[in-house]
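1. Coordinates only, no sequence provided:
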């Protein structure tokens, strides 16, 4: 997780959903993709205060870590549980990362 990559991307067409740069997400193999298609242009009309996978209410930290790890321009978000599953890490890892950014004072998403 510390590599800052977030979603592992390939352009070999084996992955799932289309990403904002035209590449396919390879995080899942069910042809649905990881759902990380947040270039601000997809405009699905979903409520951005709810996780778009499980419909859980989102906190500012949920939205902030999603923006930090996936897309700064995101308009739809995953909760920390769903994001951790998509990134292949634990929720605790994401919470520690939020705490790190907040304590560092350098990231405007966590001030």
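-> Great, that's in hand. The model shown is predicted, which means the values in this text are computed figures rather than measured ones. Residues are numbered from 1 along each chain as shown.
2. got the residue ranges for the helices in the chain?
-> Using DSSP state H, the helices of the chain run over 60-69, 80-87, 91-104.
3. ok and the shortest one relative to helix 91-104, angle-wise?
-> Same thing as helix 80-87. 110 degrees (axes from the mean of the first three to the mean of the last three Cα atoms, to 10 degrees).
4. Report the rounded mean pLDDT for helix 80-87.
-> Taken as a whole, helix 80-87 has a mean pLDDT of 97.
5. now do stretch 62-77
-> pLDDT averaged over stretch 62-77 gives 96.
6. Over to that stretch now: how far is its first residue from its last?
-> 8 Å (Cα to Cα, to the nearest Å).
7. For that stretch, list every residue counted as buried.
-> For stretch 62-77, the buried set under the neighbour-count rule, 16 or more other Cβ atoms under 10 Å, comprises 62-71, 74, 76-77. To be clear about C-beta, it is placed using only N, CA and C from the backbone, and glycine gets the same treatment.
8. Of the residues you listed, which pair is most distant in space?
-> Using Cβ to Cβ, the pair of the buried residues of stretch 62-77 lying farthest apart is 68 and 76, separated by 15.4 Å.
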